[in-house]
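1. Prediction below, plus the sequence it came from.
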Amino acid sequence: MEQLIQKAADAMVKRGFIVHRVPGAQEARELVLSLIPQGASVGLGGSMTIRELNLVEALEERGSQVWWHWTSPEERLTVYENARKADVYLASSNAVTRDGRIVNIDGQANRVAGMIQGPSRVILVIGEQKVVDGGLNPAIARLRAQACPANAKRLKLHTPCALTGVCNQAECGDDCMCRVTAVLERPPRGREITVIFTEEALGY
């Protein structure tokens, strides 16, 4: 596993991502806070990883305006828009391939929009359990087998994966979360993407 993680990290660096590896959640939290200037506004994508890091209160205490639809009282579309206009965008991702590509599946697409056409600085905290030993097909298979069922159950959606734990797109219906698949091959032009890998498993 260690060789796989290092190979993926090295490949990401070659693709233009900034990569850090840390042992666990506490070190990831401290690193995130060190990378975000005091008072900078921060947009967040929906992420159990970010929730587990307990960053919102710490950022607000330092003077940051945090835009996160999980905690903000404002109308959701307003929060999405403000998150994309923030100084820094903070999120996680669903999978990383052995050759250094970042793969996400979204329902609303606000998270991938924030990564691709949002703030010029993006920070992604990713548990190393999300690195797959293969390319896009194993990455998407991981999403459908692990991330999507857990998220659908958490959101109390009526999807096959929430009810049975098994993806069945043909029967997914209106509650389907798998609406947008985005692959970051490299940081978009004019954007800096920092990836923080944690040895500790975080998120789904």
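-> Now that the structure is in, tell me what you want to look at. Given the structure is predicted, the values throughout are model-derived calculations rather than measurements.
2. Surely residue 120 touches residue 188?
-> No. In this structure residue 120 lies outside contact range of residue 188 using C-beta atoms under 8 Å: 9.6 Å. Where C-beta positions appear, they are placed from N, C-alpha and C, glycine not excepted.
3. Give me the distance between residue 195 and residue 86.
-> 19 Å (C-beta to C-beta, to the nearest Å).
4. of these two, who's got more company?
-> residue 195 (24 against 21; other C-beta atoms under 10 Å).
5. Where does the more buried one sit, in terms of helix or strand?
-> Taking DSSP states H and E as the definition, residue 195 sits inside strand 192-198.
6. what mean pLDDT does that strand have?
-> Mean per-residue pLDDT for strand 192-198: 98.
7. can you check stretch 110-124 too?
-> 95.
8. Now do it: distance from first to last residue.
-> 15 Å (C-alpha to C-alpha, to the nearest Å).
9. same question, stretch 190-204
-> Start-to-end span of stretch 190-204 (C-alpha to C-alpha) is 29 Å.
10. now stretch 148-166
-> 9 Å.
11. next one: stretch 120-132
-> Note: stretch 120-132 ends 27 Å apart using C-alpha to C-alpha.
12. Now that stretch: buried residues?
-> 121-132 (16 or more other C-beta atoms under 10 Å).
13. mind pulling up the phi and psi values for residue 124?
-> phi -120, psi 120 (degrees, to the nearest 10).
14. in the sheet, who's paired with it?
-> residue 91, residue 195 (DSSP bridges).
15. Return the residues in contact with it.
-> Taking C-beta atoms under 8 Å, 6 or more residues apart in numbering, we find residue 124 in contact with 90-93, 102, 115, 193-196.
16. hmm, 7 Å instead?
-> Residue 124 makes contact with 91-93, 193, 195 under the criterion C-beta atoms under 7 Å, 6 or more residues apart in numbering.
17. Make TSV from those residues and add distance to residue 63 to it.
-> Listed next are the contacts of residue 124 as TSV, based on distance: C-beta to C-beta, whole Å:
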residue	distance to residue 63
91	21
92	24
93	28
193	24
195	26
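18. Now compare those residues and name the two farthest from each other.
-> Put simply, by C-beta to C-beta the two of the contacts of residue 124 set farthest apart are 92 and 193, 12.5 Å from each other.
19. Using PDB, list the CA coordinates for the longest helix along the chain.
-> Longest helix of the chain, by residue count under DSSP state H: helix 2-14. What follows is helix 2-14, C-alpha atoms only, in PDB (Å, rounded to 0.1, in the frame of the first residue of the first chain):
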ATOM      1  CA  GLU A   2       2.800   2.400   0.900                       C
ATOM      2  CA  GLN A   3       4.400   2.000  -2.600                       C
ATOM      3  CA  LEU A   4       1.000   2.600  -4.200                       C
ATOM      4  CA  ILE A   5       0.400   5.800  -2.200                       C
ATOM      5  CA  GLN A   6       3.900   7.200  -3.000                       C
ATOM      6  CA  LYS A   7       3.500   6.300  -6.600                       C
ATOM      7  CA  ALA A   8       0.200   8.200  -6.800                       C
ATOM      8  CA  ALA A   9       1.700  11.200  -4.900                       C
ATOM      9  CA  ASP A  10       4.700  11.300  -7.200                       C
ATOM     10  CA  ALA A  11       2.500  11.200 -10.200                       C
ATOM     11  CA  MET A  12       0.400  14.000  -8.900                       C
ATOM     12  CA  VAL A  13       3.400  16.200  -8.400                       C
ATOM     13  CA  LYS A  14       4.400  15.600 -12.000                       C
END
